[in-house]
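*Asks:* this one's sequence-less:
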Ligand code: CA
């Protein structure tokens, strides 16, 4: 590969006798939102939600306008992000419903995470928030490369700490209501969950300020249940009462937490030695949490852009330009190779990573694009997609009046039809055939998914959104 990493550029400068010190290894901060709508940040054009701290990443860094995740759903998306491999390559293709008492479902143990790789390179590794890569002990984050963790292993969580419970009379507690855990042990916490996670993320940065570190700040906001404090609700009182208002309050809380994290980074003088990425694990689920994916069609759980294209912001002060947008497609799968390059680690071929180091692209050092094609599959739902250049072939069932789709794959030109309304497959059969062939060739390399959609959990997940308004 002709792409030069930041590391190799630094080495080249040294070899040329330039008066530069050996580049220190940069820190890696991944801030992940959960079920955030594509439009629901100020920098993404939201008309009603204000997110000055998250927007600062776009102002001081780069906003990727075609930023993708590798799945339209929480757990597989995280499996892709943290391994740097499409989760379809190892069968981790769909969520499981609720808790998993079988203990079978989780990130396959033969896969290595970004935390595994960076820990091996001498980084201090930490995570806060939502894991959702397996409930059983063998899948625990502390066994997947993380030195530290404050959070929960399930797929979601309630937000008011005084509702958290320990098992009574041996009766299991739904993952949504458990006490948080630190280092595998339950820990009592106080206040609103998003605040707790933001404070812990900031504390991790300060504790480890002298060492290279990797922090995976995986907020569950603004995933359901819709719960916000009265203070947050007051700050979005311009929005009529209802799900959208509570959701906006939760995004406001997330922005506060990001502000706490970025403030700590600045206070510790780490802004120029830390690459910060902000993204969502999948698109907004619209009615479920009041999110908005405009101008995209579709939502969480589907292969239209609204399911897989997410806000994607990258800041590295002093290294990447400020206030720019970057339009070629990039992927959450790129975060692993990018992180490895920052750590000075050359990925081995048998790691079979799918992404590329984004820094040379975002820094404008190459006019190549990161990807010839990006692929998605969720076999249990018979949905898939491939994007090459501006063209996308997508298999997605129609939901009349809601999402465009059809019984056969649809060819879309995203440059002229971002909302995926116009199927060009009949008019341009050769183009459709080319993308179909590319998809088929990729799909032929995939194993069967490890699990399907069967429901075997004890899910006591809150089906209705609790509307408590606490101070
Ligand atoms: Ca999600």
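*Replies:* Good, I have the coordinates. Treat the numbers as computed from the prediction; the structure is a model and nothing was measured. Numbering: from 1, shown residues only.
*Asks:* buried ones in the longest helix anywhere in the chain?
*Replies:* In terms of residue count, the longest helix belonging to the chain (DSSP state H) is helix 243-267. Buried residues in helix 243-267, counted by 16 or more other C-beta atoms under 10 Å: 243-262, 264-265. From N, CA and C alone the C-beta is placed, and that goes for glycine too.
*Asks:* Show me the subset of those that also lies near the ion.
*Replies:* For the ion, no contacts are drawn from the buried residues of helix 243-267 by C-beta under 5 Å from the ion.
*Asks:* ok so, going back, tell me which other helices or strands the longest helix of the chain touches.
*Replies:* When contacts are defined as 3 or more C-beta pairs under 8 Å, 6 or more residues apart in numbering; DSSP states H and E, helix 243-267 packs onto strand 27-33, helix 52-59, helix 193-207, strand 228-229, helix 230-235, strand 274-280.
*Asks:* what separates the residue of the chain at minimum distance from the ion from residue 281, distance-wise?
*Replies:* At 3.6 Å from the ion, residue 74 is the closest residue in the chain, using C-beta to the ion. Distance of residue 74 to residue 281, given as C-beta to C-beta, to the nearest Å: 5 Å.
*Asks:* Once you drop chain neighbours, what's closest to the residue positioned nearest the centre of the chain?
*Replies:* Centroid-nearest residue in the chain, with C-alpha atoms, centre = their mean: residue 281, separated by 3.3 Å. Nearest residue to residue 281, sequence neighbours excluded (C-beta to C-beta, 6 or more residues apart in numbering): residue 77, at 4.4 Å.
*Asks:* so what does the helix or strand harbouring that neighbour touch, helix or strand wise?
*Replies:* Following DSSP states H and E, one finds residue 77 within helix 74-83. Packing partners of helix 74-83 (3+ C-beta pairs under 8 Å, 6+ apart): strand 27-33, helix 114-120, helix 335-342.
*Asks:* what angle separates that helix from helix 335-342?
*Replies:* 20 degrees (axes from the mean of the first three to the mean of the last three C-alpha atoms, to 10 degrees).
*Asks:* Which residues are in contact with residue 228?
*Replies:* Applying C-beta atoms under 8 Å, 6 or more residues apart in numbering, we find residue 228 in contact with 159, 192, 246, 249, 250, 252, 253, 469.
*Asks:* my read: the fourth one touches residue 232, true?
*Replies:* To tie it back to what came earlier, the one meant is residue 249. Yes: using C-beta atoms under 8 Å, residue 249 makes contact with residue 232 at a distance of 3.8 Å.
*Asks:* Is it correct that the residue of the chain closest to the ion is in contact with residue 282?
*Replies:* Yes: the pair residue 74 and residue 282 passes the contact test of C-beta under 8 Å, sitting 6.4 Å apart.
*Asks:* Point out where the stretch 51-200 of the chain drops to low pLDDT.
*Replies:* Residues of the stretch 51-200 of the chain meeting the criterion pLDDT under 70: 98-99, 169.
*Asks:* which bits of it sit near the ion?
*Replies:* residue 74.
*Asks:* do the stretch 251-400 of the chain as well
*Replies:* Residues of the stretch 251-400 of the chain lying close to the ion (C-beta under 5 Å from the ion) are 281, 282.
*Asks:* can you map out the strands along the stretch 251-400 of the chain?
*Replies:* 274-280, 312-315, 324-326, 330-331, 374-378, 383-388, 391-395 (DSSP state E, counting those that start in this stretch).
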